[in-house]
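J.: fold the following for me, if possible:
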Amino acid sequence: MDGLRAFGANYTEFTRRFAVWLGLHATDAAALAEILYAEDKGAPLSPARLAERVSLSSGATTALLNRLERAGHVVRTREQADRRIVTLRSSPEIRPRAVEFFGLYSARLTEVVARHDPERLRGFEEFLDDLRGTMGALLADEYREGGPGGGPSS
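T.: Next up, the predicted model:
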């Protein structure tokens, strides 16, 4: 667990430095990274899904997207048959900058993953899925109101 916590802290630091490099607030850069990652996976985000991923209200997410759109980093598109559904895409200008920043990071992590047995990696992915599911259930249930039992202890 210490290793996962430390990896998470390092990932957060990469995102913070991406923000500094682009001249953005850390939350804006984290959202931009989520949009880029989702696109790379072939599953672009909606504003609601982004709000879940970065733990913001819908209003705060709208303000964040307005800033990213004004900066030329994000475009909102309507790609579904239901034109009410908005899809978030990175702008053509930001993708090369993201590749420039995260290219070395991605290459090094790919090298690390390639050194491990695929079966071992599948087991690790199952373990991470179990951890994520447990944490998600706790946040949705026992910690829904901010802490165990619904809030600060008295």
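
J.: helices or strands up against whichever strand or helix holds residue 5?
T.: Element membership of residue 5, judged by DSSP states H and E, is helix 2-22. Judged by 3 or more Cβ pairs under 8 Å, 6 or more residues apart in numbering; DSSP states H and E, the packing partners of helix 2-22 are helix 26-40, helix 94-114. (C-beta placed from N, C-alpha, C; glycine too.)

J.: ok, longest helix in this structure?
T.: helix 118-140 (DSSP state H).

J.: list the contacts of it.
T.: Counting by Cβ atoms under 8 Å, 6 or more residues apart in numbering, helix 118-140 makes contact with 4, 113, all of which sit outside it.

J.: go with 10 Å
T.: Contacts to helix 118-140, defined as Cβ atoms under 10 Å, 6 or more residues apart in numbering, come from residues 1, 4, 55, 113-114, 116-117, 143-144, 148.

J.: of all those residues, which two lie farthest apart?
T.: With distances taken as Cβ to Cβ, the most widely separated pair in the contacts of helix 118-140 is 114 and 148, at 41.1 Å.

J.: distance-wise, check the nearest residue to residue 29 once chain neighbours are set aside relative to residue 28.
T.: Nearest non-adjacent residue to residue 29, counting by Cβ to Cβ, 6 or more residues apart in numbering: residue 19, 3.4 Å away. Separation of residue 19 from residue 28 (Cβ to Cβ, to the nearest Å) stands at 7 Å.

J.: understood, closing this out.
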